[in-house]
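K.L.:
Provide a 3D model corresponding to the input given below.
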Amino acid sequence: MKFTVKTAEDDARPVYITGNFNAWNPKNADFQLEKTDGETFQIEIADEVLPDLIEYKFTKGGWENVELDIAGNITPNRKMQKNAEPIFDFVERWRLNWGPFKEEFFPITEIIAEEFYIPQLDRHRKIWALLPYDYHTSDKKYPVLYLHDAQNLFQDGSDFGNWEIDRKLALLAEYGRGDIIVIAVEHGSEDRIREYIFDNDHVANGSEGKKYIRFLTDTLKPYVDLHFRTKKDRENTGIGGSSLGALISIYSGFLYPEVYSKLLIFSPSLWVEPDNNFPMMSFRNPFKTKIYLYGGEKEGAKMVKRIGVFENYLKEWERMNRFSFEVRTHINPDGTHNEHYWSQEFPRAIEWLFYNNTENPVEVKPTQTINQ
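P.N.:
Model (predicted):
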């Protein structure tokens, strides 16, 4: 079948077709269209590749750059029966790095405390709650994700940029994937390394990770569950971060699997534990834990290799009946060790960890229509 698409936007990025014939891979080189004239692109796909009922979309090389309608809304999957007739489609707009973001879906940002007391460390820390945009007009209860390094997550962010999780949560809400509370805990500046290192004085003299994890689990989580409408059980509780924040999240999940069932692990600092000597609690019936692993090939020669070794350890621990893991790993060939790439990965991780979808949020129809 021959597919032809014309786009209204002058955009130099290449065009791809993705669908149920290529496992919804949004950047498959075998399905890149050829530019024929102006903003017109074509591709011929062999009949034996196509199912009888074809579902597809066009992208500019990723779900963060997928087709949109004229108002910037989600487009439904294009559907048709396989036939010999050429197909002509039109795309009004394209996403650019997940945007545009709609203000009406932005989360409600509340400061839990400017100086929340940490009894385990005898310190204070600023903590935020990012609530679903409709939190105060509903009576729903929500799953919770605890994230470290709040200074790098939203608003102005740090000198290095930020994850823009407020924007990404707005995007997820638009796609019907916004029913989640995020608790963001700022790092302790000069105390950050000690608090995010579990027990390794060669890396951080006086490492305090044990106490920090106990604070999150024994002090902060009960407070959040008391003051917000949360789903308190482990199936609805996750923890995550990047770099050292990812490392301390691994420790948290392994030591408290009865509390956390979902781990968001971006570019983990596995060099701290090259032998993967993570302590674990022993339970008669192993807890099932979902782990979303992300790393960039340009983060350093050993990042991807260490993630691979860590995956092998996960399989070994599973064979030993210590844990039951469900792992999704994404290695970005262009990824470097910074907030921009973690920001790009955040919606994918949330979608998979909390909604069990094998596809990207763009495949989900919106739950309501917003008047333009």
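K.L.:
restrict stretch 240-250 to CA atoms and write it as PDB.
P.N.:
The C-alpha coordinates for stretch 240-250 follow below in PDB (Å, rounded to 0.1, in the frame of the first residue of the first chain):
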ATOM      1  CA  GLY A 240      12.200   7.600  41.900                       C
ATOM      2  CA  GLY A 241      14.800  10.000  40.800                       C
ATOM      3  CA  SER A 242      17.900  10.400  38.700                       C
ATOM      4  CA  SER A 243      21.600   9.800  39.200                       C
ATOM      5  CA  LEU A 244      22.200   9.500  43.000                       C
ATOM      6  CA  GLY A 245      18.400  10.100  43.400                       C
ATOM      7  CA  ALA A 246      17.900   6.900  41.300                       C
ATOM      8  CA  LEU A 247      20.400   5.000  43.400                       C
ATOM      9  CA  ILE A 248      18.600   5.800  46.700                       C
ATOM     10  CA  SER A 249      15.300   4.900  45.100                       C
ATOM     11  CA  ILE A 250      16.700   1.400  44.400                       C
END
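K.L.:
which helix or strand lies directly C-terminal to the longest strand seen in the chain?
P.N.:
Longest strand of the chain, by residue count under DSSP state E: strand 108-118. The first helix or strand that comes after strand 108-118 along the chain, using DSSP states H and E, is strand 123-131.
K.L.:
number of residues surrounding W342?
P.N.:
W342: 30 surrounding residues under other C-beta atoms under 10 Å. C-beta here means a position set from N, CA and C on the backbone, and glycine is covered the same way.
K.L.:
check which helices and strands the strand or helix carrying it sits against.
P.N.:
Taking DSSP H and E as the definition, W342 sits inside helix 339-355. Where contact means 3 or more C-beta pairs under 8 Å, 6 or more residues apart in numbering; DSSP states H and E, helix 339-355 is packed against strand 144-147, helix 165-174, strand 237-242, strand 262-266, strand 288-296, strand 324-332.
K.L.:
pull out the buried positions in the last one.
P.N.:
Under the neighbour-count criterion of 16 or more other C-beta atoms under 10 Å, strand 324-332 has 325, 327, 330, 332 buried.
K.L.:
closest one of those to W271?
P.N.:
N332 (19.0 Å; C-beta to C-beta).
K.L.:
how far away is the closest one from K211?
P.N.:
34 Å (C-beta to C-beta, to the nearest Å).
K.L.:
make CSV out of the buried residues of strand 324-332 and add distance to T4 and pLDDT.
P.N.:
Below are the buried residues of strand 324-332 laid out as CSV (distance: C-beta to C-beta, whole Å; pLDDT from 0 to 100):
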residue, distance to T4, pLDDT
F325, 44, 92
V327, 40, 95
H330, 32, 93
N332, 31, 91
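K.L.:
just those residues now: which is nearest L96?
P.N.:
When the buried residues of strand 324-332 are compared against L96 (criterion: C-beta to C-beta), the nearest one is N332, at 17.7 Å.
K.L.:
ok, back up a step: and the longest strand of the chain, what does it pack against?
P.N.:
strand 123-131, helix 221-227.
K.L.:
and stretch 119-135, which residues are buried?
P.N.:
In stretch 119-135, counting by 16+ other C-beta under 10 Å, buried: 120-121, 123, 125, 127-135.
K.L.:
and the average pLDDT for that stretch is what?
P.N.:
Averaged across stretch 119-135, pLDDT comes to 97.
K.L.:
E311 and E345: what is the separation?
P.N.:
Taken as C-beta to C-beta, the span from E311 to E345 is 17 Å.
K.L.:
so these two - more neighbours on which side?
P.N.:
For E311 versus E345, neighbours defined as other C-beta under 10 Å are more numerous around E345 (24 against 15).
K.L.:
is it correct that that one is in contact with H330?
P.N.:
Yes - E345 lies in contact with H330 (C-beta atoms under 8 Å); the separation is 6.7 Å.
K.L.:
identify the contacts common to these two.
P.N.:
Residues touching both E345 and H330 (C-beta atoms under 8 Å, 6 or more residues apart in numbering) are Y294.
K.L.:
that older thread, in CSV: the buried residues of stretch 119-135, plus distance to A150.
P.N.:
Output for these, formatted as CSV (distance: C-beta to C-beta, whole Å):
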residue, distance to A150
Q120, 18
L121, 16
R123, 15
R125, 9
I127, 7
W128, 6
A129, 11
L130, 10
L131, 15
P132, 18
Y133, 19
D134, 23
Y135, 19
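K.L.:
ok, so of those residues, who is nearest I87?
P.N.:
In terms of C-beta to C-beta, no member of these lies closer to I87 than Y133, at 37.1 Å.
K.L.:
who's in contact with that closest one?
P.N.:
104-108, 170, 173, 178.
K.L.:
quick one: secondary structure of it?
P.N.:
Using DSSP: H, G, I helix; E, B strand; the rest coil, the structure places Y133 in coil.
K.L.:
check the gap between it and F101 for me.
P.N.:
Distance from Y133 to F101, by C-beta to C-beta: 12 Å.
K.L.:
anything in contact with each of those two?
P.N.:
A170.
K.L.:
what about stretch 8-26, how long is it end to end?
P.N.:
When the termini of stretch 8-26 are compared using C-alpha to C-alpha, to the nearest Å, they are 20 Å apart.
K.L.:
hmm, back to that, as TSV, the buried residues of strand 324-332 with distance to E186 would be great.
P.N.:
Below are the buried residues of strand 324-332 laid out as TSV (distance: C-beta to C-beta, whole Å):
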residue	distance to E186
F325	30
V327	29
H330	27
N332	27
